[in-house]
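[1] Just the structure for this:
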Amino acid sequence: MSLRFIVVGLAALATLTVFAGMASAQDGPPGPSAGTVLVSDLIAPRGMVVGPDGLIYVAEAGTGGDTEFVTPSGETVNNGFTGRISSIDPETGERTTLAEGLPSQRLEMGDQIGPADVAFIGSALYYLQTHGGEHYGFPDNPTGIYRVQSNGTVDLVADIGQFNIDNPVAAIGSGAQPDVEVGGNPYSMIVRDGQFYVSDGNHNRLLEVTTGGDVSEIVEFPDHPVSTGIAQTTSGPFLVGYLGRGPFLPDDGRVVSVSPAGTITEIARGVPMITDVEVGTGGQRYALSFADGFAPFTGSVQRINADGTMTTIVAGLTFATDMIFIGDTLYVTDDGLSALGPGELIAIENFSAVQPPAPAPTAAPTQGAPAPTPTVGTGVTAPDTGSGGYTDSSGGATTIVVAIALAVAAAAASGLAALAWKRR
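    Sure thing, here's the model as predicted:
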């Protein structure tokens, strides 16, 4: 039996234990310690942006499809055109589809990869496509940046995948990094001074991209940290989050600043699996944690302190992928894998007044043998990064186990699955 399937079984058992412990330790279903659900029908939501009209625009990775395709790593995936771009009214929660039928890929272990982020230049909307191109079964849809037209069609602006193939980072070019996504795995995109800035979670670099399609590198992040969310103040350095590599230890979750000249300075560490960074009122910086050990309801919003530590402000999130501010309201995409049901957009009003949650009560011991713990170093991979793993004996990159683990857990305990689906 291959290592990846052993990990799946262990993760499923661990998930059952987590659900049981949380159900017994709380009076009601688990969930975020602050905020309310604004939208609950998103399809693997990833990056967001506030448009010039005040609406929230969301990239949704989709559910893949029915067409099997074998990737360069030897993994069989399911391709389709289920990705989409939506706008959401932050006052009413009304969702409108702006573009659909975008490339989407479902990996063997259930994770989805497709539209990754959105951005505006003036009134023009753009989106970032991941796992496009012929290497992933979408020869007419390269990995890169597209402009979304008013009629829902999209036009390629910059082919980031080809740039990454032609200009591999040093670790990939030398063969030192075994986990390689052909064409990279762009995760996050922002705009400054009319140009795009893109972080790549597999090639571990920060790119500058023009509306004319020119791509250039600002910096390579050393040691394959799996670079994810990117943010900025009005000027000065960028902020970039590190997811880290498996087994995703807290010390590997970091936030760095990157000067326009490419100087990297660490500003915080100590919380696992950072998927986004953001700047709030008064210039206060925050980080978003996807999860802790892949357990549901362990994602969090973290305040970045001046001494380089982080403090939990909102707990109880599940596979959180992105966050944005509108004034003093923080919006978070929760269940970005759509593993426990459709993805959600959570609104946390008066965020600057939110107090850190009280420590969670300790669950009572359960009878029977303890569930096995997933083996350290197995290289499970977080969403939409295509990185952080290590190659298995067949040469294919080990992918995320969360979604399939949850499915196994649901089949084994329908009552706990119902709790998860109805947790609000």
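
[2] how deep is Asp223 tucked in, by neighbour count?
    Using other CB atoms under 10 Å, the number of residues around Asp223 comes to 11. For glycine as for every other residue, the C-beta is placed from the backbone atoms N, C-alpha and C.

[3] Please read the previous query as pertaining to Ile85.
    Other residues close to Ile85 by other CB under 10 Å number 23.

[4] Pretty sure it sits against Leu102.
    Yes - because the distance of 7.3 Å satisfies CB atoms under 8 Å, Ile85 is recorded as touching Leu102.

[5] which neighbours do those two share?
    Both Ile85 and Leu102 are in contact with 115, 127, where contact means CB atoms under 8 Å, 6 or more residues apart in numbering.

[6] quick one: contacts for the residue minimising distance to the centre of the chain?
    Centrality entry for the chain: nearest residue to the mean C-alpha point is Thr321, 4.0 Å, by CA atoms, centre = their mean. Applying CB under 8 Å, 6+ apart, one finds that Thr321 lies in contact with 45-47, 275-276, 288, 290, 333, 336, 383-384.

[7] Most neighbours of all these, which one?
    Within the contacts of Thr321, neighbour counts (other CB under 10 Å) peak at Thr275, which reaches 33 neighbours.

[8] Can you classify Ser352 by secondary structure?
    In three-state terms, and counting by DSSP: H, G, I helix; E, B strand; the rest coil, Ser352 is helix.

[9] show me what contacts it?
    When contacts are counted by CB under 8 Å, 6+ apart, Ser352 is found next to 280-282, 284, 328.

[10] Buried subset of those, written for ChimeraX?
    The following ChimeraX command selects only the buried members of the contacts of Ser352, with burial defined by 16 or more other CB atoms under 10 Å:
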select :280
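
[11] Farthest-apart pair in the contacts of Ser352, please.
    Of all pairs drawn from those, the one with the longest distance (CB to CB) is Gln284 and Asp328, at 10.9 Å.

[12] how close does the residue nearest to the centre of the chain get to Thr228?
    Remark: distance between Thr321 and Thr228 (CB to CB, to the nearest Å) = 9 Å.

[13] Now list whatever residues contact both of those two.
    Contacts common to Thr321 and Thr228, judged by CB under 8 Å, 6+ apart, are 275-276.

[14] what are the C-alpha coordinates of stretch 222-239, in CSV please?
    Extracted in CSV, the C-alpha atoms of stretch 222-239 (Å, rounded to 0.1, in the frame of the first residue of the first chain):
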residue,chain,number,x,y,z
PRO,A,222,14.6,30.3,-0.3
ASP,A,223,14.1,26.8,1.1
HIS,A,224,10.7,26.1,-0.6
PRO,A,225,8.6,27.8,2.1
VAL,A,226,5.3,27.6,0.0
SER,A,227,4.6,31.3,-0.5
THR,A,228,0.9,32.1,-0.4
GLY,A,229,-1.0,35.3,0.4
ILE,A,230,0.3,38.7,-0.5
ALA,A,231,-0.7,42.2,0.8
GLN,A,232,0.6,45.7,0.8
THR,A,233,0.2,49.1,2.5
THR,A,234,-0.1,52.1,0.2
SER,A,235,3.6,52.1,-0.3
GLY,A,236,6.7,50.3,0.9
PRO,A,237,7.3,46.6,1.2
PHE,A,238,4.9,43.8,0.4
LEU,A,239,3.8,41.3,3.0
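
[15] got the residue ranges for the helices in the protein?
    Secondary structure of the chain by DSSP state H: the helices cover 3-25, 160-166, 170-173, 402-412, 414-421.
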